[in-house]
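# predicted coordinates and the sequence they were generated for:
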Amino acid sequence: MMGKCKLEIINLTKTYNDKNIFDHFSLTLPEKGTVCLYGPSGCGKTTLLNCIAGLEPYDSGVIAGVEKRKIAYLFQENRLLPWISAAENIAAVLRGNEIQNREEARIWMRLVGLEGEEDKLPAQLSGGMKRRVAIARVLAYGGDLFLLDEPFRGLDPESKEQMISLIKQRTNDALKILVTHDKQEAEILADITYILSGPPVKIDKKIERNLQEVM
Ligand SMILES: Nc1ncnc2c1ncn2[C@@H]1O[C@H](COP(=O)(O)OP(=O)(O)OP(=O)(O)O)[C@@H](O)[C@H]1O
């Protein structure tokens, strides 16, 4: 594992056109564990993940503690490459030789319950199956900071349960920032849940694992 420290968002300010998404927003996240961001649509959760990932510029402020981390981002959309198979989408993020990558990708397909679907193109899979390929790909890529934007959207309850336990097993040492609209999901997974409102983004509540409100 790479060197880890807290992830600190300090005085983040960002506007889209004239809309203030962050106005001196600050948040400190632990070295590891699962932090859920829960809040209404449009409050700025995805924008926050994009700023942390370095994909979205911000006007001022500091995001510290990401420099030494390998970031694995499960976007809200699956972003599978449509011209290669499900297994090849996973193999594409692996760093071994071609044979190893193919074998490992097949193992990941099995782990997400998609044995037998390896050679299908994304368009030949259902919405939930595509989501599982995207989950397999982000876990196969690995990292010490996982950004998970509504990871279980479109999954049936059984697949969701399987994906929750797979993510738990495979990201043990990492910091996970999970965006969700599902309170139960937050309760099952989160060490800390922040209930947000906005824009501009504001922390309404901080809830720790034992569901104790601390703010
Ligand atoms: N590229 C953009 N240009 C202009 N405004 C944007 C852009 N991206 C997001 N916004 C605005 O910023 C606000 C926050 O959007 P964001 O996608 O971060 O919300 P969210 O909390 O993730 O919503 P959801 O839960 O629906 O995914 C919204 O009001 C949105 O309209």
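In hand now; what should we look at?
# can you give me how far stretch 158-176 is from the chain middle?
Between the mean C-alpha point of stretch 158-176 and the mean C-alpha point of its chain there is a distance of 11 Å (Cα atoms, centre = their mean, to the nearest Å).
# hmm, I was thinking of stretch 103-112
The gap between where stretch 103-112 is centred and where its chain is centred comes out at 20 Å by Cα atoms, centre = their mean.
# mean confidence for it?
When pLDDT is averaged over stretch 103-112, the result is 98.
# what segments of the chain are strands?
Listed in chain order, the strands found in the chain under DSSP state E are 7-16, 19-29, 33-38, 60-64, 71-74, 145-149, 175-180, 192-197, 202-208.
# what about Q184, how many residues close to it?
Using other Cβ atoms under 10 Å, Q184 has 9 neighbouring residues. Any C-beta I mention is one placed from the backbone N, CA and C, and that applies to glycine too.
# what of L147?
The number of residues packed near L147 is 24, by other Cβ under 10 Å.
# can you pull the contacts of it?
49, 52-53, 71-74, 177 (Cβ atoms under 8 Å, 6 or more residues apart in numbering).
# please tell me I have it right and L81 contacts N89.
Yes. Counting by Cβ atoms under 8 Å, a contact exists between L81 and N89, whose distance comes to 5.7 Å.
# can the lowest-mean-pLDDT helix or strand in the chain be said to contact the ligand?
The helix or strand with the lowest mean pLDDT-type score in the chain, counting by mean pLDDT, DSSP states H and E, is helix 183-189 (a mean of 86). No. In this structure, helix 183-189 remains apart from the ligand according to Cβ under 6 Å from any ligand atom; the gap is never smaller than 13.4 Å.
# now stretch 28-36: mean pLDDT?
The predicted confidence, averaged over stretch 28-36, sits at 96.
# wait, doesn't D182 sit right on F152?
Yes. Judged on Cβ under 8 Å, D182 makes contact with F152 at a distance of 7.4 Å.
# who's more crowded, these two?
More crowded of D182 and F152, by other Cβ under 10 Å: F152, with 23 against 15.
# show me what contacts that one?
For F152, the set of contacting residues under the criterion of Cβ under 8 Å, 6+ apart consists of 131, 160, 163-164, 180, 182, 185.
# okay, and the beta partners of T34?
Per DSSP bridges, the residues bridged to T34 are K176.
# which residues sit in contact with the spatially most central residue of the chain?
Against the mean C-alpha coordinate of the chain, by Cα atoms, centre = their mean, the closest residue is L148 at 1.1 Å. For L148, the contacting residues are 74, 138, 167, 176-179, taking Cβ under 8 Å, 6+ apart as the criterion.
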